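# sharing a sequence plus its predicted fold:
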Amino acid sequence: MNERPTARWAPAPSARALRTAAALLPLGLAGAHIGPAATWLPAVRLPLFPRLAGTGARHHVALTFDDGPDPVATPRFLDALDALGVRATFFVLGESAVRHPALVAEAARRGHELAVHGWSHDRPWRPALAGERAGVARTARAVHDLTGRRPRWYRPPYGILTSSRWLAARRAGLRPVLWSAWGKDWRADATAESVRALVTAQLRGGGTILLHDSDRQSAPGCWRSALDALPGIVRDCREAGLTVGPLGEHGIG
């Protein structure tokens, strides 16, 4: 006669174990939220996530600007780029784009690419998936409405890509892109010479340059250092046999 196996029941977790799990849960959620922000570090981003770093075709350099549009600074960048025969990608803040719609439309008319930098330049430390989704989607709609083109790229404020921001970009059909070279033009002590030297030291073929066409989030008037450095940066690239243009021509998909 076959005997039925005796059922074995796992003991219920103790109150202490439940309290420990409850205490660790917020830490786990915070880690999952902020973990992707490690890609801000070049030592992590460049070798491990080259597409996120904006690595494209070796003969090309992508030129990008953050934090605009700015009614004082951005027109000067547009004129400088025209004089250099260069097109770039502008990552705009939604609240600034809707405040200066003609400037966004003018950048697109001159052949530049408009991309999403978020609705405002908020710090991302607390999980806020609903808010991030709304802000990214709202900015993407504004860019489309003002230019007639759907944006392709997203760069988070401060370059800090949290899980909420990554999911918000994915929901909006955008690809996150950071950078591989920047001039730290947002600093009060930045000069055209320091910006150019930093970019040149970091830049390789296939790289993505980050500059700023606004001082709204940084030292007053610091955009002038980027503007004055621009001709030298473009010249350095061309002398190295590199083509300068927007991300859409950069070969990262």
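Structure received.
# tell me the buried residues in stretch 102-112?
103, 104, 105, 106, 107, 108, 112 (16 or more other C-beta atoms under 10 Å). C-beta here means a position set from N, CA and C on the backbone, and glycine is covered the same way.
# pick the one among the residues you listed closest to residue 88.
Within the buried residues of stretch 102-112, the smallest distance to residue 88 is 5.6 Å, found for residue 112 (C-beta to C-beta).
# need the buried residues of stretch 102-112 in TSV with secondary structure, pLDDT and distance to residue 152, can you?
Compiled in TSV, these are given as follows (DSSP: H, G, I helix; E, B strand; the rest coil; pLDDT from 0 to 100; distance: C-beta to C-beta, whole Å):
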residue	secondary structure	pLDDT	distance to residue 152
103	helix	98	20
104	helix	98	16
105	helix	98	18
106	helix	98	20
107	helix	98	15
108	helix	98	13
112	coil	98	13
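# would CSV of those residues with distance to residue 175 be doable?
Putting the buried residues of stretch 102-112 into CSV (distance: C-beta to C-beta, whole Å) gives the following:
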residue, distance to residue 175
103, 24
104, 20
105, 23
106, 25
107, 20
108, 19
112, 18
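# and the residues you listed, which is closest to residue 172?
Using C-beta to C-beta, the buried residues of stretch 102-112 come closest to residue 172 at residue 104, 17.4 Å.
# could you identify the helix or strand that succeeds the lengthiest strand in the chain?
Scanning the chain for the strand with the most residues, using DSSP state E, yields strand 60-68. Note on strand 60-68: by DSSP states H and E, the next helix or strand toward the C-terminus is helix 74-84.
# next one: that following helix to chain centre, how far?
Centre-to-centre, helix 74-84 and its host chain are 22 Å apart (C-alpha atoms, centre = their mean, to the nearest Å).
# kindly report the same for stretch 150-168.
6 Å.
# quick one: contacts of the helix or strand residue 141 falls within?
If you go by DSSP H and E, residue 141 is part of helix 129-147. Contacts with helix 129-147, where a contact means C-beta atoms under 8 Å, 6 or more residues apart in numbering, come from 92-94, 97-98, 101, 104-105, 108, 114-120, 122, 124, 149-151, 154, 162, 164-165, 167-169, 171-174.
# next: stretch 41-49.
Against stretch 41-49 from outside (C-beta under 8 Å, 6+ apart): 38, 39, 52, 53, 55, 178, 180.
# ok, stretch 224-241 next?
Applying C-beta under 8 Å, 6+ apart, the contact partners of stretch 224-241 are 59, 61, 63, 65, 73, 76-77, 80-81, 84, 86, 183, 185, 190-196, 199-200, 203, 205, 209, 211-213, 243-244.
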